[in-house]
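# sequence and predicted structure below; questions after.
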Amino acid sequence: MSIDALIVIIVLIIVLISLYFELAGTSFTFLIAVAILGICGILTPREIISGFSNEQIAVIVMLLILGDVIRKSSVVEYFFNKFFKGANTYNSYMRRMMVVVGFFSAFVNNTPLVAIMMPYVHNWSKRHKIAPSKLLIPLSYAAILGGSCTLIGTSTNLIVSGFVIDQNIIKGLKPLNLFDFVYVGLPMLIIGFIYILTIGKKLLPTNTDILSEVTDNIRQYIFETEVRKNSHLIGKTIKESGFLKMEGLYLFKIIRNNYNIISASEETEIEESDKFIFSGEKNIITDLINKQESGFTFPLVGMLSKKNHTDIIEIVISHNSTLISKTVKEINFKKRFNSAILAIHRNGENISQKIEDIRLKAGDVLLLLTDNELISKDISQDFYFISKVKEIRKPELYKTITLLGGTTIAILLAALGIVPLFITLLLLLILLFGIKVSSPKDIHKNLDFNLIFIIALSLAFGTAMIKTGVASLIADLLIKIFLPFGTLSILFGIYFVTTILAAYITNKAAVAITFPIALTMAVNLDLPPMPFILIVAFAAAANFMTPIGYQTNIMVYGPGGYNFKDFFKIGFPLTIIYMIGTVLILYFMYF
């Protein structure tokens, strides 16, 4: 063994220890490792920075940008509103959730998709009095299973593709295609869904809703709604309308014909233009204003509801405000601030008047629907800005068609091998920026630079393992262990090592370590490289056993009130099923 190889092995051990015990972040750990290898002369400056020029890193960056554009366009949100409309039971909601998330995550990076979906899961759980812990792990697992079906569904597959392009073990090895993963990914998605919907759901814990514990003490707002013309609520009783069952929503009174105040009872029949005075949390208000099918309008909103781009914000009335002691009607918020008051919160006092008749006091918190110019104006004399609660984006038809059509065409052209994915995504983003679906100024806000550094630096680390012979050394050791049991056992061995590393040191680090070893094993055994490449990708991406194994697991870990044991109890059987299925499919496909 050479001195260089010994140094790489020592650095590899340090990397594993650092990642396992979380002594430093993943990107910083790889930065230190690559810097040491550079100082020792094992890696040249060109080799260290070569990862940043890798085509797959550029593809990942563009997919992250595209995913953010889709998220901001509200297209996915609109689809979710329609798709989940009739899901009123736990089983029906879970089935729909897993199908839609599994499908979308095959074509949209699964991390932002889970971020979009989580509020839906939480709000539905709260309304139907079901613990979110019964749905959040299935949400994460559905995203992982769906993302593993295509090249672009998860950044892990793109990282593996980047290694394929960057490697120098096998000359002329072709890059991975969009649907190289589907022959294994799709059957395993179906098997995974069956497991979750039968055995897995019985293992899910019923944890206290962490978010509800926090929000139970959050301010309750008074707000006013009006029954819109041709509303489905007209003719129904209060009981039949269903909003008495909504968690956190309380009906104070109904105002009819602008003066006739009716005590709200379950048998009161709803009429057109009835005004309802409610008390509720801001998330309920934002849900109502964004849903045409609610049957309500907010009477003070007016033409603001027609705008394509508005914000819901929280402000508090200052002690020297000119608005104090004036009614909302006298202030004329729409004319003065181009904003509409949706709701008012006043500490220690229950208000049950119409919004426009309320006299404002210092310290009143207002929920406003406004254009995005108000936030940038100097409004400190009258009120202080607290937070932006929600952005409302109404998709313009031609922009929506361009976004969805362009994305579909880009994926098809890449899948058919007509145009490289890099080129199709580049042209699509230029088009989207050109017609102002999004702005280039927003690119840096949502890019995961940490992810980009991890990938680029891990490629350099993989290069060091290959050029010093460490990858070959470890590959020969694994061959000696597993070859006596046959080729099938070698695939099981690679999968096992990769999935254990991914479970405890992150999947990107696992790929960086096991990819060069797996590819070297294929060469040394004179076997086709593709199953060895794909086994690393699936083992790293399909990680269910720990919260740190995959980023979507981390995202649901806190809100679901989970612990490590919950993930292991549900994820370990699924990991075993996925490993057996993946290895057998690849074995019969390639051997």
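Good, I have the coordinates. Residues are numbered from 1 along each chain as shown.
# just the helices in the stretch 201-350 of the chain please.
201-203, 210-215, 238-241, 282-289, 328-331, 333-337 (DSSP state H, counting those that start in this stretch).
# and for the stretch 1-150 of the chain?
3-20, 26-39, 45-49, 55-73, 75-83, 90-104, 110-127, 136-147.
# now swap in the stretch 351-500 of the chain and tell me
Using DSSP H, counting those that start in this stretch, the helices found in the stretch 351-500 of the chain span residues 397-415, 421-434, 449-467, 470-482, 487-505.
# adding mean neighbour count, mean pLDDT and distance to Leu586, write the ones you listed out as CSV.
For glycine as for every other residue, the C-beta is placed from the backbone atoms N, C-alpha and C. Shown next, in CSV, are the helices of the stretch 351-500 of the chain (neighbours: other Cβ atoms under 10 Å; pLDDT from 0 to 100; distance: least, Cβ to Cβ, whole Å):
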stretch, mean neighbour count, mean pLDDT, distance to Leu586
helix 397-415, 16, 84, 21
helix 421-434, 18, 90, 23
helix 449-467, 22, 84, 22
helix 470-482, 18, 86, 15
helix 487-505, 22, 88, 6
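# nearest to Ala142, of those?
The closest approach between Ala142 and any of the helices of the stretch 351-500 of the chain, judged by Cβ to Cβ, belongs to helix 487-505 at 18.5 Å.
# okay, buried residues for the following helix or strand past that closest one please.
Per DSSP states H and E, the first helix or strand lying C-terminal to helix 487-505 is helix 507-524. Within helix 507-524, the residues scored as buried using 16 or more other Cβ atoms under 10 Å are 507-522.
# which of these lies closest to Ile65?
Comparing those against Ile65 with Cβ to Cβ picks out Lys508 as the nearest, at 19.4 Å.
# distance-wise, check the closest residue to the closest one other than its chain neighbours relative to Ile344.
Of all residues not flanking Lys508 in the chain, Ile454 sits nearest, at 5.1 Å (Cβ to Cβ, 6 or more residues apart in numbering). From Ile454 across to Ile344, the span is 47 Å (Cβ to Cβ, to the nearest Å).
# check Ile513 too.
57 Å.
# mind naming the longest strand for the protein?
The single longest strand within the chain, with elements called by DSSP state E, is strand 383-393.
# looking at the buried residues of helix 507-524, which is nearest Phe461?
Among the buried residues of helix 507-524, and counting by Cβ to Cβ, the member closest to Phe461 is Ala512, at 5.4 Å.
# hmm, Leu459 and that closest one touching each other?
Yes. Using Cβ atoms under 8 Å, Ala512 is in contact with Leu459, at 7.4 Å.
# okay, domains of this structure per the record?
3-38+50-209+447-590, 218-393 (automatic domain parsing).
# of all those, which one comes closest to Thr402?
Taking Cβ to Cβ, domain 3-38+50-209+447-590 is the member of the domains of the chain nearest to Thr402, at 10.2 Å.
# what about Met94, neighbour count?
23 (other Cβ atoms under 10 Å).
# Val389: what's it in contact with?
With contacts defined as Cβ atoms under 8 Å, 6 or more residues apart in numbering, Val389 is in contact with 282, 286, 311-314, 367.
# now do 10 Å
282-283, 285-286, 311-314, 342, 367-369 (Cβ atoms under 10 Å, 6 or more residues apart in numbering).
# now do Gly67
So Gly67 contacts 76, 107-113, 115-116, 152, 446 (Cβ under 10 Å, 6+ apart).
# gap between it and Gly235?
Relative to Gly235, and taking Cβ to Cβ, Gly67 is found at 43 Å.
# same deal with Ala5?
80 Å.
# do His319 as well
On the measure of Cβ to Cβ, His319 and Gly235 end up 47 Å apart.
# now Phe84. Nearest residue, chain neighbours left out?
Nearest to Phe84 is Arg96, by Cβ to Cβ, 6+ apart, at 6.0 Å.
# tally of neighbours for the one you found?
Counted with other Cβ under 10 Å, Arg96 comes out at 16.
# can I assume it is in contact with Tyr90?
No. Look at Arg96 against Tyr90 with Cβ atoms under 10 Å: they stay out of range, at 11.2 Å.
# okay but Ile199 is in contact with Phe572, surely?
No. Ile199 is beyond contact range of Phe572, at 11.8 Å (criterion: Cβ under 10 Å).
# quick one: pLDDT of the closest residue to Leu459 other than its chain neighbours?
Using Cβ to Cβ, 6+ apart and skipping residues adjacent in sequence, the residue nearest Leu459 is Gly51, 3.6 Å away. Predicted confidence (pLDDT) at Gly51: the value is 79.
# that'll do, ta.
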